[in-house]
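Q: Let's see this in three dimensions:
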Amino acid sequence: MIDKTYQTFMLQDFDKDRGAHKTGKFLFTTRRGIAFNEDMHWIYKCTCDVTRSELIECCGDRMHVPYSDFMRRMPGCIHINTLTNILDHFDALNQIFPTLSRGK
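A: Residues are numbered from 1 along each chain as shown. Alright, predicted model coming up:
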């Protein structure tokens, strides 16, 4: 974790072919709350996926599609998927919920 709001994280990169961490290579993963048609959800960005990150930045605080459609079209990378698995449990235990954090 990088910040006290639990929204910025640094993860060591992972080589799927070797099944091991990449020595000295780290990535930043961030999350923020976005309102979808039905609910608020965390949306994650990772420095390994510039296209996904730029799309999320362009969306503001609301997406006019169901969350499931967005995730089907823009699945997360290995870093986002790993972090999501960890944080879903952490958030539930600590009652941390996504909120709108940007003033756009």
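
Q: Just list what the strand ranked longest in the chain packs against, helices and strands only.
A: Counting by DSSP state E, the longest strand found in the chain is strand 20-35. Contacts defined by 3 or more Cβ pairs under 8 Å, 6 or more residues apart in numbering; DSSP states H and E place strand 20-35 against strand 8-15, strand 40-46, helix 78-94. Quick note: C-beta positions are derived from backbone N, CA and C, even for glycine.

Q: buried residues in that strand?
A: Within strand 20-35, the residues that qualify as buried are Leu27, Thr29, Thr30, Arg31, Arg32, Gly33, Ile34, Ala35, counting by 16 or more other Cβ atoms under 10 Å.

Q: Would you report the backbone torsion angles of the residue of the chain most remote from its centre?
A: Within the chain, the residue lying farthest from the chain centre (Cα atoms, centre = their mean) is Arg18, at 24.4 Å. Phi and psi for Arg18, reported as degrees, to the nearest 10, are phi -90, psi -20.

Q: re earlier: need the buried residues of strand 20-35 in CSV with distance to Lys45, can you?
A: Listed next are the buried residues of strand 20-35 as CSV, based on distance: Cβ to Cβ, whole Å:
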residue, distance to Lys45
Leu27, 10
Thr29, 7
Thr30, 5
Arg31, 7
Arg32, 8
Gly33, 13
Ile34, 11
Ala35, 17
